[in-house]
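> The following comprises the amino acid sequence and a computationally predicted model.
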Amino acid sequence: MRLLAVLDAPQTAALVLHTADQLAGRLGGGDICALHPSPATNPDFQSPDEGMPDPTQQARFTQATTARAAAVQQVFANWRITAPNAARSQWVQQTGDTRTIVRHAADNADYVVLGPASADATQATRQSFAATLYDAQATVVMAPPTPLPTFAQHPVVAWQDTPNLIRAVHAARPLLHTATHVRILVGEHQPNTVPDPALLADLRASGVAVTLERFVLAGQSVGEQIRTRATQAGADLLVMGAYGRPHFIEWLFGGPTMDLLAHATWPILTHH
């Protein structure tokens, strides 16, 4: 398996690497590429009306970029000493357009691990997410805001009969089939109107302990209901399908509504 860990910020690099290490362990091993995309141009000067940076501004940008790369690489070096699955890892730093760099790297990965979503995420983090999920259409695993002791032993699937969720489930299959217990959440407008997912019979036939939990979609947001049930189930992974680009990115990075991902305490595997 080829795992891409995108390390675009020092403050989230350790979380990304920890999650990548856990994912590799659950998959029985894998090659981990720790990628640091380093911007070639100052993001404060992206449009013509912003002008060009003067020598002092350019020097500050270069110094900040160099310091950020060094800090991220040190996090990687520290992680590599103790991580159980770090033997087949490598550090890669590329300079250029962040979105282009990440998209090309994601094209060659089976799973891409990104940092947790938050309202204060950097522009580079948002670009990494868009490049991975929408440009490369890769399987994305988003790290939780704090490390968890287990990974995908008790996964929760937020079921929707959509191509995006089916793709996410397919990518998660190696994890689901080796889980201790899987819970499938089915939200319905009317009780018992959604057919049982084929995944339920598939997991049971494989000897996996699985529970189907139905709930009626109430006035509160669907994300809030899923978050509550996943937390109550002791989830250590949520499998869900990604929505269309504008709404989902707003949902991820602090839109006006109470979103699912910015308040999640577990990793999320998703696909578009």
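That came through fine. The structure presented is a predicted model; accordingly, all values stated were derived computationally and were not measured. Numbers count the residues shown, from 1 in each chain.
> And the strands in the protein, which stretches?
2-6, 31-39, 89-96, 111-114, 140-142, 155-159, 182-188, 210-216, 237-241, 268-271 (DSSP state E).
> so how far is Pro55 from the most centrally placed residue in the chain?
In the chain, the centroid-proximal residue (Cα atoms, centre = their mean) is Met142; its distance is 1.9 Å. Separation of Met142 from Pro55 (Cβ to Cβ, to the nearest Å): 39 Å. In short, each C-beta sits where N, CA and C put it, glycine included.
> what do you get for Gly207?
66 Å.
> Residue ranges in the stretch 101-250 of the chain under the pLDDT threshold?
119, 219-220, 243-250 (pLDDT under 70).
> Make CSV from the strands of the chain and add distance to Arg227 to it.
Output for the strands of the chain, formatted as CSV (distance: least, Cβ to Cβ, whole Å):
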stretch, distance to Arg227
strand 2-6, 24
strand 31-39, 29
strand 89-96, 32
strand 111-114, 19
strand 140-142, 14
strand 155-159, 10
strand 182-188, 10
strand 210-216, 12
strand 237-241, 9
strand 268-271, 11
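> so what's the closest residue to Val182 other than its chain neighbours up against?
Among residues not flanking Val182 along the chain, Val210 sits closest, at 4.5 Å (Cβ to Cβ, 6 or more residues apart in numbering). Applying Cβ atoms under 8 Å, 6 or more residues apart in numbering, we find Val210 in contact with His181, Val182, Arg183, Ile184, Leu200, Leu203, Arg204.
> Show the buried residues in those.
Val182, Arg183, Ile184, Leu200, Leu203 (16 or more other Cβ atoms under 10 Å).
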